[in-house]
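> Generate coordinates for the sequence data below:
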Amino acid sequence: MRKVFLILLLIFISHICCAPNIDFRLGIIKFKSLSKFVLEKFHESELSRFINDLGYKESGNNWLCINQIGCFGEWQFNESTLKYLGYKKITLKKFKAHPEIFPRELQLEVLKTLIKVNLIILEDYEHYIGDSINGVAITKSGMIAASHLGGAGSLEKFLNSNGRINKKDVLGTSIFDYLKKFSYYDLE
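Predicted structure coming up:
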């Protein structure tokens, strides 16, 4: 996607340079507008790719999935997380009986809300972005994924301990694993 952005940038610059009848200031305004549009589309596509890949890792992108510990949906939500986010009426028992109470569209909305909440909680830890712990680069996307796996508190403990406290879920996946697996998405 960055290559597409650079190609569009070069085409636009050559257009400005090759068309002397266009007002230069107007060209700059158009360039800024185009740059903003391309960057917005790039970030939208990166977020979409991240969300899809997280769903694949969590459930194989199966919005009806229920794992052995009672997390459910495409992004494997715990009932307590749903309650924390204000979705008190969605329970595992109700989901098992009537999955349509928690359709994929609502699951996606909940995931985006959870991401926003975790980013607010992790604001004081943004200075770790760009650092490396135990050979893995700390990125915003990795932090989002790791806090999805084990909660923002588990990620905070990992960062504060320089990786010595590396919580795992009951299936054996660790904070480090998600930091590494999801480190390469550009979600700025």
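> dump the residue contacts of Leu111.
Ile51, Leu54, Trp75, His148 (C-beta atoms under 8 Å, 6 or more residues apart in numbering). C-beta here means a position set from N, CA and C on the backbone, and glycine is covered the same way.
> Past the helix or strand containing it, which element shows up next along the chain?
For Leu111, the element it lies in under DSSP states H and E is helix 104-121. Using DSSP H and E, the helix or strand that follows helix 104-121 in sequence is strand 132-133.
> Can you give the contact residues for that following strand?
By C-beta under 8 Å, 6+ apart, strand 132-133 touches Ile138, Phe158, Leu159, Asn162, Gly163, Phe176, Leu179.
> dump the residue contacts of Ile129.
Going by C-beta under 8 Å, 6+ apart, the list of residues near Ile129 reads Ile138, Thr139, Lys140, Met143.
> Just to check, the last one is in contact with Ser183?
No - Met143 sits out of contact with Ser183 when judged by C-beta atoms under 8 Å, with a separation of 9.2 Å.
> who has more neighbours, these two?
Met143 (28 against 17; other C-beta atoms under 10 Å).
> Save the contacts of Leu111 as JSON lines, and put in distance to Asp131 too.
Output for the contacts of Leu111, formatted as JSON lines (distance: C-beta to C-beta, whole Å):
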{"residue": "Ile51", "distance to Asp131": "25"}
{"residue": "Leu54", "distance to Asp131": "22"}
{"residue": "Trp75", "distance to Asp131": "27"}
{"residue": "His148", "distance to Asp131": "20"}
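> Out of these, who's the most crowded?
Leu54 leads these on contacts (other C-beta under 10 Å) with 25 neighbours.
> tell me the domain ranges of this protein?
For the chain, the structural domains run 1-60, 122-188, going by automatic domain parsing.
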